[in-house]
Structures are given as C-alpha cells and as structure tokens.
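In: Okay, here's the prediction I keep looking at, along with the sequence it came from:
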Number of protein chains: 2
Amino acid sequence: MSNQLLVHIKKFADVSEDDFATILSFFEPLYLKKKECLLEEGQLCRRNFFVLKGCLRMYFLKETGIEQTTQFAIENWWMTDNLSFMQQKPSSFYIETVESSEVLAISYDAQEKMLAQFPQMERYFRKVYERAFAASQLRIKYINDYSREEMYLYFAKVQPAFLQRVPQYMLASYLGFTPEYLSEIKKKHLKSDFL
Amino acid sequence: MSNQLLVHIKKFADVSEDDFATILSFFEPLYLKKKECLLEEGQLCRRNFFVLKGCLRMYFLKETGIEQTTQFAIENWWMTDNLSFMQQKPSSFYIETVESSEVLAISYDAQEKMLAQFPQMERYFRKVYERAFAASQLRIKYINDYSREEMYLYFAKVQPAFLQRVPQYMLASYLGFTPEYLSEIKKKHLKSDFL
C-alpha cells in the first residue's frame, strides 16, 4: 500500500525510503465502503485525499436538489476542496466514494508539518497542482468548444476506464447530460472505435 | 519593478533580497504594447509570464473563427499554457496583451534551473498553482450552477476592476455571452449595488 504513494512521489521528487517512512506517518489510511461521505457542504475540508484503490467523486447540490458531479479521482489521484482546505473555510462541495476505496488522508496541519520537515515534497505538490491546473485549463476550453457529443467521445478516448467503472448517472452529471441523452449517445457510438 | 515579484514571493516563501537578485536574473523583462502576441496556437509555449503591470488574456479560436477568451491575468498573476509549458508540446491557445503591459518572462529551462538553485521557490509555485487550481474548481461549479446573469453579477462583485478595464466583447466572450446580451445585463443592473 505505502509503496504506491512513494512510486508516485518519485516521479516528481527525490525522496528516500527512510524519509518516506516518516512522510507516511503524517497520513491516516482509510478503508471505505461504497458511497461513504468524506466531506459535506458547510464543513471545513480538513483533509487532502490520495486514492490508493477505488474512486472518489466531488459534487455539489444544485438548488433543484440535483447532485452535480464536478470531479472524479481514481488510483494515484489527489482530491480535496482546495479552497476550503487552504483557507480552512466551509466547503460548498461534497466528496464521497463511488466504490469501496482505500485512501490516504492527510490533515491540513499534518501536511504543513510534513512540508516543513521534508521541503522536497513542495516540488512533488507543485508538480501535482501544476498538472491539475493544466488539465483544468484544457477542460475550460472543451466546455467552450465541444458539443456534448464531442465531450463524451473525448472522455471515452482519454478515460476509457471510467466508462466501465462509474455509474452512468454520475458520468452523465459530470458531462452535463441527462442519463437519457448519455444512453442515446452510447447507443449511437456502440460500434465506433472509441468504445 | 523587481520588488513587486519579491513582495509576491514573500507572501508564500522565504527568500532573501540577495537570493532574489539572482532569482530575478532568470527572468526577462518585457515591455509590451496593447494587443501584442506572446503565444500562438501551434507554437511551443516556452515561457511563463508574471504580470507587473497591465493585463494579458488567453484565448483559443473556435471553428467558426470566433476568439473565445478563457482566462485573464492582471498585476501579480501568472499566466501560461501550462500543458504546453510543462510538456513542451504545441499549444492550442493564444496569449496576448489586453493593454500595454510590463511582464516578467521565464523560460522552461530557466525556471527548472532557478528551482534547482532555489528550492524554496518550489513552495512559492506550489502555492501559486494550488490557488489557481482552487479557483478553477470553483469556476467549474459556477459554470454548472449559475445562470449567465448570475455569472456576470458574481464576476462584477469579486472582480469589479475588470468591468472598467477589459473591453466588453472580451468580457462577454469570457462569460460566454454575446456582447449584446452583456450590454442588456449591464443596463438592467446599472443601479444595483454590484456596479
């Protein structure tokens, strides 16, 4: 389990196995069932989550009561409400497991202490956030540029595992579809190269 | 001029004035006219830009030939096409000045060297990207949650300086409006508290 985060860190930063043993002690391992809630709207988001196994999603409640999914995190992805986590202010999001999951959780204070003790982890997190922001720049482009059908086909191409893994109503919500519209598009492209 | 970046760095990281003199030597100062192009679609995005004075915008060309603005950067904001910059691959965006601007530009190689020599700058960039990503999480929420009119009112509330500063057709493009629709909304709210 622990090795998985070390492998991910080593992609970006120089951390010894001895250092990593101490770094890992700042985290709490969580073994979660499907649909367990990690954060609710109105709470302070006290933890940052690294997914070892499983899948998390972030969503918010629209005025109509509909859950709007804005983000997924699978193995080796980080997830938190960054604004709430950074500023320790109430969140406007929910985070819950999509399937049974194993997660490493680190609190804001533990993360600050860990970064002070192991400044090379600043490089790791710089790279993690740089990539996350780069992905969001591209996402804003696609939201403005792609039709709904093109959004689905792009998603199917770059994230094929999600199509099998994530319940269709969540995928539809993430893409801004109704589940019925998603079902229509899937039927239409069932024999295409994308699926 | 130089002091402005130092003040911004010191918000997040511990850098001495002596260190900063060397850090600054990795940057190239640019004095730009209005509508000068810093990046074109298809080019490698070789530089990261810190705005000392003025305003930059990032946009892409839709198939119809329309310019879709996705991001602005004013004083003390960073701007680059992060994916193209990180991976040194061709960009799908344009970056240009909205008004005459003073900018500090740093190349990918110079940034890597600077970070190797001054690892405390990793903390600074970690914070910069963490905040940028947090803002994009909230932006995705608003895109999904707010009506166009609400988007405008929110923008007017949190970024009032932009309303005066940015040409209306660019603001309309950023918000996903036609210029005519933006004009209607502005008239409607002319006497409200937001303006």
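Out: Sure, I can see it.
In: does any bit of stretch A:93-113 sit next to chain B?
Out: Yes. Judged by Cβ under 8 Å from any Cβ of the partner chain, stretch A:93-113 comes into contact with chain B through residue A:93. All C-beta atoms are positioned from the backbone trio N, CA, C, and that covers glycine.
In: End to end on that stretch, go ahead and measure it.
Out: From its first residue to its last, stretch A:93-113 covers 26 Å (Cα to Cα, to the nearest Å).
In: which strands and helices sit next to the helix or strand bottoming out on mean pLDDT in chain A?
Out: Lowest mean confidence among the helices and strands of chain A (mean pLDDT, DSSP states H and E): helix A:160-165, at a mean of 81. In terms of contacts (3 or more Cβ pairs under 8 Å, 6 or more residues apart in numbering or on different chains; DSSP states H and E), helix A:160-165 is packed against helix A:148-158.
In: buried sites along the helix it packs on?
Out: A:151, A:152, A:153, A:155, A:156 (16 or more other Cβ atoms under 10 Å in any protein chain shown).
In: Which parts of the longest helix along chain A count as buried, going by neighbours?
Out: Using DSSP state H, we find that the single longest helix of chain A is helix A:120-145. Neighbour counts over helix A:120-145 (16+ other Cβ under 10 Å) mark A:120-134, A:136-141, A:143-145 as buried.
In: Count the neighbours of the closest residue to residue A:79 other than its chain neighbours for me.
Out: Spatial nearest neighbour of residue A:79, chain neighbours left out: residue A:73 (3.8 Å); criterion: Cβ to Cβ, 6 or more residues apart in numbering or on different chains. Residue A:73 is flanked by 21 other residues according to other Cβ atoms under 10 Å in any protein chain shown.
In: who's residue A:73 bridged to?
Out: Assessed by DSSP bridges, residue A:73 has beta-bridge partners residue A:56.
In: On the pLDDT front, check it for me.
Out: On the pLDDT scale, residue A:73 is placed at 94.
In: right, and it touches residue A:51 too?
Out: Yes. Using Cβ atoms under 8 Å, residue A:73 is in contact with residue A:51, at 5.1 Å.
In: Quickly list what's touching both of these two.
Out: residue A:79 (Cβ atoms under 8 Å, 6 or more residues apart in numbering or on different chains).
In: how about the following helix or strand past the least confident helix or strand of chain A: buried residues?
Out: Downstream of helix A:160-165, the first helix or strand assigned by DSSP states H and E is helix A:168-175. Neighbour counts over helix A:168-175 (16+ other Cβ under 10 Å) mark A:170, A:171, A:172, A:173, A:174, A:175 as buried.
In: Does chain B have contacts with helix A:168-175?
Out: No. Among the residues of helix A:168-175, none lie within reach of chain B under Cβ under 8 Å from any Cβ; the closest is 9.0 Å away.
In: what sits up against that helix?
Out: A:57, A:59, A:66-72, A:98, A:148, A:151-152, A:155, A:162-163, A:166, A:178-179, A:181-183.
In: what are the C-alpha coordinates of it, in CSV please?
Out: The C-alpha trace of helix A:168-175 is given here as CSV (Å, rounded to 0.1, in the frame of the first residue of the first chain):
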residue,chain,number,x,y,z
GLN,A,168,-24.0,6.2,-15.8
TYR,A,169,-26.0,8.8,-13.9
MET,A,170,-22.7,10.2,-12.4
LEU,A,171,-21.0,10.2,-15.7
ALA,A,172,-24.0,12.0,-17.3
SER,A,173,-23.9,14.6,-14.5
TYR,A,174,-20.2,15.2,-14.9
LEU,A,175,-20.6,15.7,-18.6
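In: what sits up against the helix or strand following that helix?
Out: Downstream of helix A:168-175, the first helix or strand assigned by DSSP H and E is helix A:179-188. Residues from elsewhere that reach helix A:179-188 (Cβ under 8 Å, 6+ apart): A:148, A:149, A:152, A:168, A:169, A:171, A:172, A:175, A:177, A:195.
In: Can I get helix A:179-188 in PDB, CA atoms only?
Out: In PDB, the C-alpha atoms belonging to helix A:179-188 read as follows (Å, rounded to 0.1, in the frame of the first residue of the first chain):
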ATOM      1  CA  PRO A 179     -28.800  10.000 -18.200                       C
ATOM      2  CA  GLU A 180     -31.200   9.500 -21.200                       C
ATOM      3  CA  TYR A 181     -29.100  11.600 -23.500                       C
ATOM      4  CA  LEU A 182     -26.000   9.700 -22.400                       C
ATOM      5  CA  SER A 183     -27.700   6.500 -23.200                       C
ATOM      6  CA  GLU A 184     -28.600   7.700 -26.700                       C
ATOM      7  CA  ILE A 185     -25.100   8.800 -27.400                       C
ATOM      8  CA  LYS A 186     -23.600   5.500 -26.200                       C
ATOM      9  CA  LYS A 187     -26.000   3.500 -28.400                       C
ATOM     10  CA  LYS A 188     -25.100   5.700 -31.400                       C
END
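In: quick one, it and helix A:148-158 angle?
Out: 60 degrees (axes from the mean of the first three to the mean of the last three Cα atoms, to 10 degrees).
In: Buried residues, helix A:179-188. List them.
Out: For helix A:179-188, by 16+ other Cβ under 10 Å, it's A:182, A:185.
In: any idea how far that helix is from the chain center?
Out: Centroid separation between helix A:179-188 and its chain, computed with Cα atoms, centre = their mean, to the nearest Å, is 25 Å.
In: Now do that helix and helix A:168-175, the angle between them.
Out: Helix A:179-188 runs at 100 degrees relative to helix A:168-175, counting by the same axes, to 10 degrees.
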